[in-house]
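Q: sequence plus the predicted model coming up.
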Amino acid sequence: MELAAEAYPEARFAAPAPGPAIDDIECRLGQRVPSDLRELLLETDGVLGEFSLDAVWTAGRIAHDNASFRSNPEFARLYRPFDTLLFFGDNGGGDQFAFVPADPGAGVVVWEHGTDRRRTVAKRSGGLPAPNPLGRRGRVVLGVSCGRVAGASAEHNHKP
């Protein structure tokens with residue numbers, strides 16, 4: 001988080017996400033949260049950038065928006081499937097940032113909503129502005145009860 005604060009001094013950080021809220025992402029979507037994202041969420045449940053842009057979404061929004069994208073019949077007609085992507089933030093103009101959990105080397109992908117183009121914008125090793133201090137492996141527990149989790153609502157707004 002210190003690295004992000006140095007690189008983006010205008011960023012505001014929320015309180016840490018509760019671990020069960022991160023587990024809820026995995027339960028709802030049936031895929032692991034990449035360790036870098038898990039570790040970041042355990043430090044801050046979302047990052048607001050300049051102009052209050054949700055650069056990194058809350059754990060609740062990650063679960064909600066990804067489930068919505070995957071189940072929206074209109075999106076199914078307009079776009080390729082989103083099952084391989086895990087969206088975690090956006091640029092404020094409709095394009096979304098995502099990881100590809102099945103391919104940890106894919107880095108950060110931007111999905112361009114106007115064209116359905118998906119392109120890598122940062123490699124996970126070396127593509128970040130500086131070495132990633134969150135590189136240690138996060139504890140991921142699949143098979144946890146997938147009931148409602150405190151703090152993992154569909155609420156999108158947060159106040160860091």
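A: Cool, got the structure. Residues are numbered from 1 along each chain as shown.

Q: phi, psi of A67?
A: When read as degrees, to the nearest 10, the backbone of A67 gives phi -60, psi -40.

Q: neighbours of the residue lying closest to it once chain neighbours are set aside, just the number please.
A: Of all residues not flanking A67 in the chain, R28 sits nearest, at 5.3 Å (CB to CB, 6 or more residues apart in numbering). Every C-beta, even on glycine, is put in place using the N, C-alpha and C of the backbone. Neighbour count for R28, taken as other CB atoms under 10 Å: 17.

Q: R28 and D90, how far apart?
A: 19 Å (CB to CB, to the nearest Å).

Q: ok, back up a step: tell me the confidence at the residue nearest to A67?
A: Note on R28: pLDDT of 95.

Q: quick check, it in a helix?
A: Yes. Applying DSSP: H, G, I helix; E, B strand; the rest coil, one finds R28 inside a helix.

Q: please report how far it lies from I62.
A: Using CB to CB, R28 is found at 9 Å from I62.

Q: again, but for P73
A: To I62, P73 is 22 Å away according to CB to CB.

Q: of the two, which one has the most company?
A: Ranked by neighbour count (other CB under 10 Å), P73 and I62 place I62 first, with 28 against 7.

Q: that one against F87, yeah?
A: Yes. Shown here, I62 and F87 form a contact pair, counting by CB atoms under 8 Å, at 6.9 Å.

Q: what are the boundaries of the helices in the protein?
A: Under the criterion DSSP state H, helices of the chain are mapped to 2-7, 19-29, 35-43, 59-71, 73-78.

Q: relative to D116, which of those is closest?
A: For the helices of the chain, proximity to D116 was assessed by CB to CB; helix 73-78 is nearest, at 7.4 Å.

Q: would you mark the buried spots in the closest one?
A: Buried residues in helix 73-78, counted by 16 or more other CB atoms under 10 Å: F75.

Q: what does stretch 49-65 give?
A: For stretch 49-65, by 16+ other CB under 10 Å, it's 49, 53-65.

Q: just the CA trace of that stretch, in PDB.
A: Output of stretch 49-65 as PDB, limited to C-alpha atoms (Å, rounded to 0.1, in the frame of the first residue of the first chain):
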ATOM      1  CA  GLY A  49      -8.000   7.800  -7.000                       C
ATOM      2  CA  GLU A  50      -8.100  11.400  -8.300                       C
ATOM      3  CA  PHE A  51     -11.700  12.700  -8.600                       C
ATOM      4  CA  SER A  52     -12.900   9.900  -6.300                       C
ATOM      5  CA  LEU A  53     -12.400   7.300  -9.100                       C
ATOM      6  CA  ASP A  54     -12.700   3.700  -7.800                       C
ATOM      7  CA  ALA A  55      -9.300   2.600  -9.000                       C
ATOM      8  CA  VAL A  56      -9.600  -0.500  -6.900                       C
ATOM      9  CA  TRP A  57     -13.100  -1.600  -5.900                       C
ATOM     10  CA  THR A  58     -14.300  -2.800  -2.600                       C
ATOM     11  CA  ALA A  59     -14.500  -6.600  -2.000                       C
ATOM     12  CA  GLY A  60     -18.300  -6.300  -2.100                       C
ATOM     13  CA  ARG A  61     -18.300  -4.500  -5.400                       C
ATOM     14  CA  ILE A  62     -15.800  -7.000  -6.900                       C
ATOM     15  CA  ALA A  63     -18.100  -9.900  -6.000                       C
ATOM     16  CA  HIS A  64     -21.300  -8.000  -7.100                       C
ATOM     17  CA  ASP A  65     -20.100  -6.500 -10.400                       C
END
